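Trainee: Pasting the sequence and the predicted model now:
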Amino acid sequence: MSTSIPATPSQATRLLQAGVLLLEAEAWDLALAALDRATSPDAPLPHLEYARATALARLGRPAEAADALLKEIRAGQAHADSFRFFLAMAAAIPVFAQLPPEALTRRVLAALDSAVGESGAMDPVHLARLAELVVFLLNDHGRLENAFAALADDEARASLLLIVDTHARHPEQSCAFSLTMAPGQEHEAARSLAAFLDVLGLASRPTMTGLRSLPVAPGPVPGSFVDALAREIAHDQTVWLEDNFDELHLGAYVADRHREDLVGPRPTDQHALPIDLALRYDDLEDFYARLADEPSRQWLVKLFAYRALGFRRVRLPRNTPAYAQGIALASSWAQPGTALPIRFEGLSLPLMDLAPAGIPMRLHASGAGLACVVVQRQYEYNQDGVHVAAAEGDVVIDAGACWGDTTLYFADRVGSRGRVLAAEFIPSNLEILRKNVALNRPATDMIDIIEHPLWRTSGKRLWYVDWGPGSRVADDPARFRADGECTTLSIDDLVRERGVAKVDFIKMDIEGAECDALAGAREVLQRYRPKLAISLYHRPSDFVTIPRYLDSLGMNYRFYLDHHTLYLNESVLFAVPEGR
């Protein structure tokens, strides 16, 4: 089980509920991962271990299943069915499964199974006492088998089994017995059997009444994230997709090349809980509840199911004929003989004419990138009458301008009366960005290029690695082989230093630095109340931390979620403050 922060009681309850639904869906690995996370030494949940044992048994791990059931029995939470399940798992442990039918251990387990099965409800103390008998057998079966074999005759063996049977049915009765030992073996046989019978004679206690039958754990609250995700995974577990890999963006699938943070777990892998273990479960539930419409909630469920099961199991809603058609359309805008070689992966960027899309501009870009930005309108949200976008005359901050496709898109949207502040600092990206802006003068005169990484504070020294559109920064040069140094700028300071009179729209796609950049924009967010389009996909925890930070500003944001590929990249959170 992965090391993680212990679940709170409410989180543990929800994890148990999710685990039960996954058991019903026969998703054994996923169920066990959820149930393991629900384990809490401080406040064990009733019947959690029974559920864990079910998953372990289905996964072929009987010893662990027996151990889980023993915990439940010792805690006084067990039902007769739990005990019989425990016996079945004990008998399935390899060392016992190999014993012959006449072995003492097998006979005792059969006698106990029969006794408990015939008696109906049994009090927890009795079940616990019988479980201790089985534990004794598990730990000392070798000596006991020898002692049983040393008994003089079948009558003696039958007498012993009668004692076991009587004890199982009537623990309050004494265990008086009379056995005949084989000559010369009395001492060893007597000692082993005395220990065995000592376990049988554990102090009898009054029978407890009112034991509840094992209840079915209640399902998640209808409409909750847990409920929706568990049901989605239950369905997706039954699916195998041959046409669901995003070859148009990623090329042919290669297991060693395509990371899990892009396409989910490899098809052959057994994977863990669908929710990244760094997340606080309740917080993700809160984000689901805060999303303002059903399409957004559906996206959240689909994306986390995809994180759990991967591209062979989960088809994202973007996978329609229009997706491939959009990439083909954008690629058709390339002008022959105009490719510009770039550093990133040895690629070239053709000169694209955006006039067919109604944008009188040209730029060096990729067809797949323009399909997201221009065809799908990645940084607009348009669902059921809700439209979130930059408008004519707006001031836009484009954080993560890269090669300039989003920058020029925003420039066309805001027009000559607007302004675009394009933040980009990676030298190879800046070279292309400047060329694309220069290609479109004077229509791009409203663009200011900001050659700093946006951060929570200004003037901080960072190191960067130049991976083109996937470039990263870190405050520790040992984190990766750095290509250079840079100095940060906060959005609050940027707006002051550039004399910006308002901010209407902020887009961020800065490879995991979104939280830091937003922390440096508190004054701008509260004063100008801009609409936001923030990438969430770089770190799973961003699905919690970014909405939670925005909520802390007290502006009652409406949240919407959209996604623009067939894999895990390009999830965008749209946030609209109250009154806009």
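Mentor: Nice, I can see it. Numbering: from 1, shown residues only.
Trainee: Let's test this: name the helix or strand in this structure with the lowest mean pLDDT.
Mentor: Here the helix or strand of the chain ranked lowest by mean pLDDT, DSSP states H and E is helix 186-200, holding a mean of 48.
Trainee: Can you give me every residue that contacts residue 360?
Mentor: 354, 412, 443 (C-beta atoms under 8 Å, 6 or more residues apart in numbering). C-beta here means a position set from N, CA and C on the backbone, and glycine is covered the same way.
Trainee: again, 7 Å this time
Mentor: residue 443 (C-beta atoms under 7 Å, 6 or more residues apart in numbering).
Trainee: what about it, which helix or strand?
Mentor: Under the criterion DSSP states H and E, no helix or strand holds residue 360.
Trainee: And for residue 127?
Mentor: Going by DSSP H and E, residue 127 is in helix 124-150.
Trainee: again with residue 387
Mentor: If you go by DSSP H and E, residue 387 is part of strand 386-388.
Trainee: Ok, residue 464 next?
Mentor: Assigned by DSSP H and E, residue 464 falls in strand 461-465.
Trainee: buried ones in that strand?
Mentor: 462-465 (16 or more other C-beta atoms under 10 Å).
Trainee: try stretch 319-334
Mentor: 319, 323, 326-327, 329-331, 333-334.
Trainee: again, but for stretch 426-439
Mentor: The neighbour-count check on stretch 426-439 (16+ other C-beta under 10 Å) flags 426, 428-430, 432-433, 435-437, 439 as buried.
Trainee: What of stretch 307-317?
Mentor: 307-316.
Trainee: quick one on the thing from earlier: take the buried residues of stretch 319-334 and keep only those in helices.
Mentor: Among the buried residues of stretch 319-334, the members found in helices (DSSP state H) are 323, 326-327, 329-331.
Trainee: From the buried residues of strand 461-465, pick the one nearest residue 96.
Mentor: Distance ranking of those against residue 96, using C-beta to C-beta, places residue 465 first at 56.3 Å.
Trainee: Is residue 365 in contact with residue 349, as I believe?
Mentor: Yes - the pair residue 365 and residue 349 qualifies as a contact (C-beta atoms under 7 Å) at a distance of 5.8 Å.
Trainee: Find residues that contact each of these two.
Mentor: Common neighbours of residue 365 and residue 349 (C-beta under 7 Å, 6+ apart) are residue 403.
Trainee: Give me the residue ranges of the stretch 351-500 of the chain where confidence is low.
Mentor: Within the stretch 351-500 of the chain, no stretch falls below the threshold (pLDDT under 70).
Trainee: mind listing the strands for the stretch 51-200 of the chain?
Mentor: Using DSSP state E, counting those that start in this stretch, no strands are found in the stretch 51-200 of the chain.
Trainee: Report the residue spans of it with pLDDT below the cut-off.
Mentor: By pLDDT under 70, the weakly predicted segments of the stretch 51-200 of the chain are 111, 115, 117-123, 136-144, 146-200.
Trainee: Which parts of the chain belong to which domain?
Mentor: Following automatic domain parsing, the chain resolves into domains at 46-200, 385-535.
Trainee: Output the ones you listed in JSON lines, with distance to residue 297 appended to each entry.
Mentor: Output for the domains of the chain, formatted as JSON lines (distance: least, C-beta to C-beta, whole Å):
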{"stretch": "domain 46-200", "distance to residue 297": "27"}
{"stretch": "domain 385-535", "distance to residue 297": "14"}
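Trainee: which of those sits most buried?
Mentor: Of these, the one with the most neighbours on average (mean count of other C-beta atoms under 10 Å) is domain 385-535, at a mean of 19.
Trainee: rewinding a little: with distance to residue 127 and secondary structure added, can I get the buried residues of stretch 426-439 in JSON lines?
Mentor: Putting the buried residues of stretch 426-439 into JSON lines (distance: C-beta to C-beta, whole Å; DSSP: H, G, I helix; E, B strand; the rest coil) gives the following:
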{"residue": "426", "distance to residue 127": "66", "secondary structure": "coil"}
{"residue": "428", "distance to residue 127": "69", "secondary structure": "helix"}
{"residue": "429", "distance to residue 127": "67", "secondary structure": "helix"}
{"residue": "430", "distance to residue 127": "72", "secondary structure": "helix"}
{"residue": "432", "distance to residue 127": "72", "secondary structure": "helix"}
{"residue": "433", "distance to residue 127": "72", "secondary structure": "helix"}
{"residue": "435", "distance to residue 127": "77", "secondary structure": "helix"}
{"residue": "436", "distance to residue 127": "74", "secondary structure": "helix"}
{"residue": "437", "distance to residue 127": "76", "secondary structure": "helix"}
{"residue": "439", "distance to residue 127": "80", "secondary structure": "helix"}
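Trainee: just curious, which of these is nearest to residue 392?
Mentor: residue 437 (19.6 Å).
Trainee: Kindly confirm whether my reading is correct that that closest one touches residue 445.
Mentor: No - the criterion here is C-beta under 7 Å, and residue 437 misses it with residue 445 at 9.2 Å.
Trainee: What lies in contact with whichever helix or strand comes after the least confident helix or strand of the chain?
Mentor: Note on helix 186-200: by DSSP H and E, the next helix or strand toward the C-terminus is helix 225-236. For helix 225-236, the external contacting residues (C-beta under 7 Å, 6+ apart) are 14, 17-18, 21-22, 24-25, 27, 30, 219-221, 274, 284-285, 288, 301-302, 304-305, 308-309, 313-314.
Trainee: Am I right that residue 31 sits in a helix?
Mentor: Yes - Residue 31 forms part of a helix when assessed by DSSP: H, G, I helix; E, B strand; the rest coil.
Trainee: What's the separation between it and residue 417?
Mentor: 57 Å (C-beta to C-beta, to the nearest Å).
Trainee: And for residue 434?
Mentor: 23 Å.
Trainee: ok, now residue 336?
Mentor: Counting by C-beta to C-beta, the gap from residue 336 to residue 417 is 36 Å.
Trainee: coming back round to it: could the buried residues of stretch 307-317 go into a markdown table alongside distance to residue 493?
Mentor: Formatted as a markdown table, the buried residues of stretch 307-317 follow (distance: C-beta to C-beta, whole Å):
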| residue | distance to residue 493 |
| --- | --- |
| 307 | 36 |
| 308 | 41 |
| 309 | 44 |
| 310 | 42 |
| 311 | 42 |
| 312 | 47 |
| 313 | 46 |
| 314 | 42 |
| 315 | 44 |
| 316 | 38 |
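Trainee: Of these, which is the nearest to residue 503?
Mentor: Comparing the buried residues of stretch 307-317 against residue 503 with C-beta to C-beta places residue 316 closest, at 32.2 Å.
Trainee: for the closest one, what are its contacts?
Mentor: With contact set as C-beta under 7 Å, 6+ apart, residue 316 has these partners: 302, 306, 563, 566.
Trainee: List the residues that contact the first one.
Mentor: The one in question is residue 302. 232, 314, 316-317.
Trainee: Okay, angle between the helix or strand where it lies and helix 225-236 too, please.
Mentor: Residue 302 belongs to helix 294-309 when elements are defined using DSSP H and E. Helix 294-309 and helix 225-236 are oriented at 60 degrees to each other (axes from the mean of the first three to the mean of the last three C-alpha atoms, to 10 degrees).
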